[in-house]
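Have a look at this prediction, sequence included:
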Amino acid sequence: MDPDSLAHLEEEREFLLRSLRDLEREREAGDIEDGDYRTLRDDYTARTASVALAIDEGRAQLPPPPARNARRLVATVVAVAVVALGAGVLVARASGERVAGRPGSGSLPTGDTEQLAQARVALNAGNVVEAVKTYDRVLKTNPRNPEALAYRGWILRLAAVSGGAFDQKLWQQGLASIERAIAVDPSYPDAHFFRGLILYRDRHDATGAAAELQKFLGLNPPPDMVAPVRALLGEVTATVAAGSGP
């Protein structure tokens, strides 16, 4: 993919994210019916997911930028703010509902529910630092919360690979957090999706990635998430058949 096409996709993603935020504001103001809100939210979310996956593919095809100092905290935070939603099919969500369509096993304390909703809003707004702080607060009181573990881990992974450098320690922390989310609640789909992407993109383990994506699809994902994840699974499966990495 050429840089111009990638830039166009990124503009489209920003438009869709703005639309999601505007839609949430309309709902809070009572300017839209619940049925219309859900229809538009699902449409924007599915389109964002499709564009996000295309961006991830496009970036993988670009030549690596010149090496940079790995200790670049400010640059990393900015980069994560830009790409935090870039490869995540599931993070474009602002409502208090789980995108996976159902709650995880067990019930969450009210405080966790409210803080997780705040973290989703922060992610949708591109405020990754605030989202991480919120996940930290959740994990301080409930270290077994699968959503906080999975999403904090995914953000750490994005930070580890951003800007053309690779922070092995940060990457390991991110993967460990995602894998802990799976250990805590194997029925939580988002963590399987994140682990599948890490296996495919970072470890070039298409077989392992296919298993994780299949688990995600088998855990009652919302209908609009099925098509983009199946498309990714098709690519991963073809890679397995070809016997090579991405």
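Perfect, I can see it now.

residue ranges for the helices of this structure, please.
3-29, 34-61, 73-83, 110-124, 128-141, 146-161, 168-184, 189-201, 206-217, 223-242 (DSSP state H).

the bottom helix or strand of the protein by mean pLDDT?
Counting by mean pLDDT, DSSP states H and E, the weakest-scoring helix or strand in the chain turns out to be helix 73-83, with a mean of 35.

per-stretch mean pLDDT over the helices of the chain, give me the minimum one.
Lowest mean pLDDT within the helices of the chain: helix 73-83, a mean of 35.

Just put the helices of the chain in a markdown table and tack on mean neighbour count.
For glycine as for every other residue, the C-beta is placed from the backbone atoms N, C-alpha and C. As requested, the helices of the chain are arranged in a markdown table below (neighbours: other C-beta atoms under 10 Å):
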| stretch | mean neighbour count |
| --- | --- |
| helix 3-29 | 15 |
| helix 34-61 | 18 |
| helix 73-83 | 16 |
| helix 110-124 | 19 |
| helix 128-141 | 18 |
| helix 146-161 | 25 |
| helix 168-184 | 18 |
| helix 189-201 | 26 |
| helix 206-217 | 20 |
| helix 223-242 | 16 |
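
is it true that Ile155 touches Val128?
Yes. Taking contacts as C-beta atoms under 8 Å, Ile155 lies within contact range of Val128: 6.0 Å.

OK, contacts around Arg230?
Leu217 (C-beta atoms under 8 Å, 6 or more residues apart in numbering).

That one and Val51: what is the separation?
In this view, Arg230 and Val51 are 16 Å apart by C-beta to C-beta, to the nearest Å.

so who does Tyr151 touch?
Contacts of Tyr151 by C-beta under 8 Å, 6+ apart are 91, 119, 123, 131, 135, 190.

Just name the closest of the residues you listed to Gly218, please.
Closest approach between these and Gly218, by C-beta to C-beta: Asp190, at 13.7 Å.

Please tell me how far that closest one sits from Ser5.
As judged by C-beta to C-beta, Asp190 and Ser5 stand 29 Å apart.

likewise Ala160?
As judged by C-beta to C-beta, Ala160 and Ser5 stand 26 Å apart.

Pro189 and Gln214 touch, don't they?
No. Counting by C-beta under 8 Å, Pro189 stays clear of Gln214, with 11.1 Å between them.

shared neighbours of those two, anything?
Counting by C-beta under 8 Å, 6+ apart, Pro189 and Gln214 have no shared contacts at all.
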